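Asks: Need a 3D model of the following:
(2 chains)
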Amino acid sequence: MPALLRTVAVPVWALLMVATVVSWSIGADHGADSNQELATTVIMTTAFAKTWFVGMYFMELRHAPLALRLLFNAWCIVGCAAVLGIYLLG
Amino acid sequence: MTPESHSTFTEAPAIRPVVATAVVAEPEVESAGRWTRGHVPGEVGIWIFILGDMTLYAALFGSFMADRSRDVALFNESAAELHVSFGAINTLLLLCSSLFVVLGIRAVREQISRQRAPLLFALAMVCGAGFVVNKYFEYSDLLSSDLPPAENAFFIYYYVLTGIHLTHLLAGMCVLYFLYRTSRRPRLEQKQIRAAESGASFWHVVDLLWIVLFPLLYLVA
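Replies: Below is the predicted model of the structure:
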């Protein structure tokens, strides 16, 4: 079993778990008035960064053809920009 | 075995007719290779579906945020009615299930702790089942309260987005069962490994979509 765990996906998984708990603790305080925009921006940017890690390290897109990687990267960037753009400017 | 060794794209030049190779200018061949060289995890068809699905969800994320900007107070008040812990625990469950799937595919493909593969896919299914149970309690809790979901734009989005995602997850559970059954075979052919990779990619996209849905619905304020 230890040999099976010797893959970069394991530390990436740990990072994603920690990022989820941190976002949970930041976002759980719905009623706080201060820095809500900053908190939401950090939380949503973290979420799309997490999707990138899932794509690259769980879905193995880091070994995929450039065309597929570019499409996936574009989804992460455009999705994050659209959500935050509408949130901050809407 | 490296992932590149069973790629359709890396194999393509070898099966290309000699005549065709001769008439294509060298720089174009190199250019095409740069775009297509590498390992597609699973069938190309599953990736067309996955990217289409992700695009549809991205449009729904944008639509949700646009409608939210028209009535921020309603969306904030409604989101505050949700229990964040339900969404967070489900995120953690899906991340764990994704790791089990990654390790299961690694076991099957690279023959590392090969006999553990069925257990790993079974553990992924347990995490998926945990998500469903958690969702059942969350839906029950919301529907038993006085909230009027049909008259509230936030809750319409909430039920549509999480409902479509739950449908994906239930389909993913069937895929995990297929992975479990496949991994119990003593030897797998290249075609079966590719099918397993397709299933794993689908399960990961279920996880990926929830990673965005959770903060979007529960945490944006």
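
Asks: neighbours of residue A:20, just the number please.
Replies: For residue A:20, the count of nearby residues is 23 (other Cβ atoms under 10 Å in any protein chain shown). To be clear about C-beta, it is placed using only N, CA and C from the backbone, and glycine gets the same treatment.

Asks: Surely it is in contact with residue B:90?
Replies: No - Residue A:20 lies out of contact with residue B:90 (Cβ atoms under 8 Å); the separation is 10.1 Å.

Asks: The nearest residue to residue A:28 once chain neighbours are set aside: neighbouring residues, count only.
Replies: Leaving out its chain neighbours, the residue that sits closest to residue A:28 by Cβ to Cβ, 6 or more residues apart in numbering or on different chains is residue B:84, at 5.0 Å. Other residues lying near residue B:84 total 21 when counted by other Cβ under 10 Å.

Asks: For residue A:80, which residues are in contact?
Replies: Going by Cβ atoms under 8 Å, 6 or more residues apart in numbering or on different chains, residue A:80 touches A:44, A:45, A:48.

Asks: phi, psi of the closest residue to residue A:5 other than its chain neighbours?
Replies: In space, residue A:5 comes closest to residue B:103 once its chain neighbours are excluded; the distance is 7.2 Å by Cβ to Cβ, 6+ apart. Note on residue B:103: backbone dihedrals following degrees, to the nearest 10 are phi -70, psi -40.

Asks: List the contacts of residue B:103.
Replies: Taking Cβ under 8 Å, 6+ apart as the criterion, residue B:103 is in contact with A:4, A:5, A:7, A:9, B:116, B:120.

Asks: try residue A:89
Replies: Residues near residue A:89 by Cβ under 8 Å, 6+ apart: none.

Asks: One more pass at 10 Å, please.
Replies: By Cβ atoms under 10 Å, 6 or more residues apart in numbering or on different chains, the residues touching residue A:89 are residue B:69.

Asks: Which per-residue confidence value corresponds to it?
Replies: pLDDT recorded at residue A:89 is 91.

Asks: likewise residue B:182?
Replies: You'll see residue B:182 listed with a pLDDT of 95.

Asks: Tell me which helix or strand residue B:138 sits in.
Replies: Using DSSP states H and E, the element containing residue B:138 is helix B:117-143.

Asks: In chain A, which helix is the longest?
Replies: Across chain A, the longest stretch assigned as helix under DSSP state H is helix A:66-89.

Asks: okay, that one in PDB with CA atoms only?
Replies: The C-alpha coordinates for helix A:66-89 follow below in PDB (Å, rounded to 0.1, in the frame of the first residue of the first chain):
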ATOM      1  CA  LEU A  66      -2.100  20.700 -25.200                       C
ATOM      2  CA  ALA A  67      -5.500  21.300 -26.900                       C
ATOM      3  CA  LEU A  68      -7.300  19.600 -24.100                       C
ATOM      4  CA  ARG A  69      -5.300  21.300 -21.400                       C
ATOM      5  CA  LEU A  70      -5.900  24.700 -22.900                       C
ATOM      6  CA  LEU A  71      -9.700  24.000 -23.000                       C
ATOM      7  CA  PHE A  72      -9.700  23.000 -19.400                       C
ATOM      8  CA  ASN A  73      -7.500  25.900 -18.300                       C
ATOM      9  CA  ALA A  74      -9.800  28.300 -20.200                       C
ATOM     10  CA  TRP A  75     -12.800  26.900 -18.400                       C
ATOM     11  CA  CYS A  76     -11.100  27.500 -15.000                       C
ATOM     12  CA  ILE A  77     -10.000  31.100 -15.900                       C
ATOM     13  CA  VAL A  78     -13.200  32.200 -17.800                       C
ATOM     14  CA  GLY A  79     -15.500  30.600 -15.100                       C
ATOM     15  CA  CYS A  80     -13.700  32.300 -12.300                       C
ATOM     16  CA  ALA A  81     -13.500  35.600 -14.100                       C
ATOM     17  CA  ALA A  82     -17.200  35.500 -15.000                       C
ATOM     18  CA  VAL A  83     -18.400  34.600 -11.500                       C
ATOM     19  CA  LEU A  84     -16.200  37.200  -9.800                       C
ATOM     20  CA  GLY A  85     -16.800  39.800 -12.500                       C
ATOM     21  CA  ILE A  86     -20.500  39.600 -12.100                       C
ATOM     22  CA  TYR A  87     -20.200  39.500  -8.300                       C
ATOM     23  CA  LEU A  88     -18.000  42.600  -8.100                       C
ATOM     24  CA  LEU A  89     -19.400  44.700 -10.900                       C
END
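
Asks: Thank you kindly, that will do.
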